[in-house]
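A.B. asks: Here is a sequence together with a model predicted from it:
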Amino acid sequence: TPAATDVRSAHLLHTYAGLMPANPRMIKRIANALGMLLAIKRHVRHTEDDDALARAAILLVRFPVLAARLRFDDLSNGTDPCWRLPGVRDVLGGCSLESLARCLGRPILHPAPMRP
């Protein structure tokens, strides 16, 4: 409902104010991205928490190239220098790259069963 969306957006703005860009249009994009990621969560049924969703929405808007890499690239190498940049590190917080990738719609890949 619109009321629930307003409450969630207010929470996003207050809790993550330090990670938000100064541009009001970018803040609106982050709020819209959060709504989209909530729809993805319902569709793919992942279990990531609201913190990971909010951080994924901020990453998607502030660092779209890195968000695309999370969705499509190999995540085994989290030592890439781009993930250690101060602004990026702040957005990641304590979330793992795998958690943020799931929030962005990356399917959970299960290893193939071993054959005897």
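C.D. replies: Structure's in. What do you need? Bear in mind the structure is a predicted one, so any value in this text is a computation, not a measurement.
A.B. asks: drop to CA atoms for contacts and neighbour counts, all remaining ones
C.D. replies: Noted.
A.B. asks: Where is the longest helix in this protein?
C.D. replies: Longest helix in the chain, counting residues (DSSP state H): helix 24-44.
A.B. asks: Mind listing what's buried along that one?
C.D. replies: Neighbour counts over helix 24-44 (16 or more other CA atoms under 10 Å) mark Ile27, Arg29, Ile30, Ala31, Asn32, Ala33, Leu34, Gly35, Leu37, Leu38, Ile40, Lys41 as buried.
A.B. asks: Pull the most distant pair out of the residues you listed.
C.D. replies: Ile27 and Lys41 (20.9 Å; CA to CA).
A.B. asks: that older thread, helices and strands around the longest helix of the chain, which ones?
C.D. replies: Helix 24-44 sits against helix 2-15, helix 50-62, helix 97-103, with contacts defined as 3 or more CA pairs under 8 Å, 6 or more residues apart in numbering; DSSP states H and E.
A.B. asks: Please tabulate the buried residues of helix 24-44 in JSON lines and include pLDDT and distance to Arg62 as additional columns.
C.D. replies: Formatted as JSON lines, those follow (pLDDT from 0 to 100; distance: CA to CA, whole Å):
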{"residue": "Ile27", "pLDDT": "88", "distance to Arg62": "10"}
{"residue": "Arg29", "pLDDT": "93", "distance to Arg62": "10"}
{"residue": "Ile30", "pLDDT": "92", "distance to Arg62": "9"}
{"residue": "Ala31", "pLDDT": "88", "distance to Arg62": "12"}
{"residue": "Asn32", "pLDDT": "91", "distance to Arg62": "13"}
{"residue": "Ala33", "pLDDT": "93", "distance to Arg62": "11"}
{"residue": "Leu34", "pLDDT": "91", "distance to Arg62": "13"}
{"residue": "Gly35", "pLDDT": "90", "distance to Arg62": "16"}
{"residue": "Leu37", "pLDDT": "93", "distance to Arg62": "15"}
{"residue": "Leu38", "pLDDT": "91", "distance to Arg62": "18"}
{"residue": "Ile40", "pLDDT": "89", "distance to Arg62": "19"}
{"residue": "Lys41", "pLDDT": "91", "distance to Arg62": "21"}
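A.B. asks: Just the closest of these to Pro2, please.
C.D. replies: Gly35 (11.2 Å).
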